[in-house]
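Enquirer: structure for this input, please:
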Amino acid sequence: MTHSKFLWAATALSALAFASCSTAEAKSCAPAGMTIEAMQDAKSTEFDTLTPAARTQMASALIGCLGDPDPVIRDGLAYEGLTQLFRGGDLDAEHIRQLRDQLLEGIGSDDPNGFTRPFAALVLAEVSRTDRVDAWMSDAERTDLVSSAGQYLRSVDDYRGYSDTEGWRHGVAHSADWLMQLSLNPALTQGQRGEILSAVQSQVAAANGHAYIHGEPGRLARPALFVAMAGELTAEDWTAWLAPLIDPAPLESWGDAFSSEAELARLHNVKAFLQELFINASVSSNENLKLMLDPVTDAMRALP
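Expert: Just a heads-up that it's a prediction; the model follows:
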């Protein structure tokens, strides 16, 4: 099989697997010619027994399993296996680029069960990490990836976290992890870091009266903290960024929140986020991060 035909086949297999996992009737996300058992066996050896071409094909197949309703397959096999492959250094830039595009298709796919999109975001964090460790993206590609990550975080309205029967979804936390890996990249521009902060800000309070209970405030805080470490923002900048979060509107005052379940959830989420920033800024020796401390302290004092 020629190189171009191989790439086409890998993409087709992944698309087929994505589709097969999007319905409740699907019994296996493994593409034609593979079994879940063979995929699990390969993962158990960290894919050492596979040729470079077979590793790329395996990665494509694993992407197709990110929407599987079985958490053992979705999380234990697909996510963990893809993390091994991306961190193992065995995928070249051309193939990572192909896999990135497949994952972005997953972000934009119909997702009736709510698994594909958040797990595609989590693996895109690993893709972003590869560019941070050894830059391979063009400036335009990096700009597009920051934009895609920000748009996805803003779009999340499925706030389900962990289920004893279904496992994780965790869209807010997974997209925050994606933004965190991007925020660590020294190649980012100040404008791109600003885009990351804007996206984080959009989900601090959540919507629909949802109260975070699965660690989302801490995950959202991480990209903001790493942006702070870049040293591009002043204390005044942080005060301005925090201002919308502590604004009680549409309430006249935060005291009115104690008569509304939804507003109490908003207050809870904002306070939890500020506490994460405060704790990290308090214990850090990073002078850029410490610039955040007074604005965060003032913001906390503004809340009941």
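Enquirer: in stretch 246-263, what counts as buried?
Expert: Buried residues in stretch 246-263, counted by 16 or more other CB atoms under 10 Å: Ile246, Pro248, Trp254, Ala257, Glu263. C-betas here are computed from N, CA, C, even on glycine.
Enquirer: again, but for stretch 236-246
Expert: Asp237, Trp238, Trp241, Leu242, Leu245, Ile246.
Enquirer: adding pLDDT, write the residues you listed out as a markdown table.
Expert: Formatted as a markdown table, the buried residues of stretch 236-246 follow (pLDDT from 0 to 100):
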| residue | pLDDT |
| --- | --- |
| Asp237 | 98 |
| Trp238 | 98 |
| Trp241 | 98 |
| Leu242 | 98 |
| Leu245 | 98 |
| Ile246 | 98 |
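Enquirer: among the residues you listed, which one lies nearest to Tyr159?
Expert: Compare each of the buried residues of stretch 236-246 with Tyr159 using CB to CB and the shortest gap goes to Leu245, at 17.7 Å.
Enquirer: counting by contacts, list what the helix or strand harbouring that closest one packs against.
Expert: Using DSSP states H and E, the element containing Leu245 is helix 235-246. Using 3 or more CB pairs under 8 Å, 6 or more residues apart in numbering; DSSP states H and E, the elements in contact with helix 235-246 are helix 190-203, helix 261-283, helix 293-301.
Enquirer: would TSV of these with distance to Asp134 be doable?
Expert: Below are these laid out as TSV (distance: least, CB to CB, whole Å):
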stretch	distance to Asp134
helix 190-203	19
helix 261-283	28
helix 293-301	34
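Enquirer: any chance of these in TSV, plus mean pLDDT and distance to Ala135?
Expert: Shown next, in TSV, are the helices and strands packed on helix 235-246 (pLDDT from 0 to 100; distance: least, CB to CB, whole Å):
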stretch	mean pLDDT	distance to Ala135
helix 190-203	98	14
helix 261-283	98	27
helix 293-301	98	32
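Enquirer: right, and these - which one's nearest Trp178?
Expert: Across the helices and strands packed on helix 235-246, closest to Trp178 is helix 190-203 (CB to CB), at 9.9 Å.
Enquirer: buried set for that closest one?
Expert: Gln192, Arg193, Gly194, Glu195, Ile196, Leu197, Ala199, Val200, Gln201, Ser202, Gln203.
Enquirer: please apply the same query to stretch 178-188.
Expert: Trp178, Leu179, Met180, Gln181, Leu182, Ser183, Leu184, Asn185, Leu188.
Enquirer: quick revisit: other residues contacting the helix holding Leu245?
Expert: With CB atoms under 8 Å, 6 or more residues apart in numbering as the test, helix 235-246 has contacts from 197, 201, 204-205, 228, 233, 270, 273-274, 291-292, 294-296, 298-299, 302-303.
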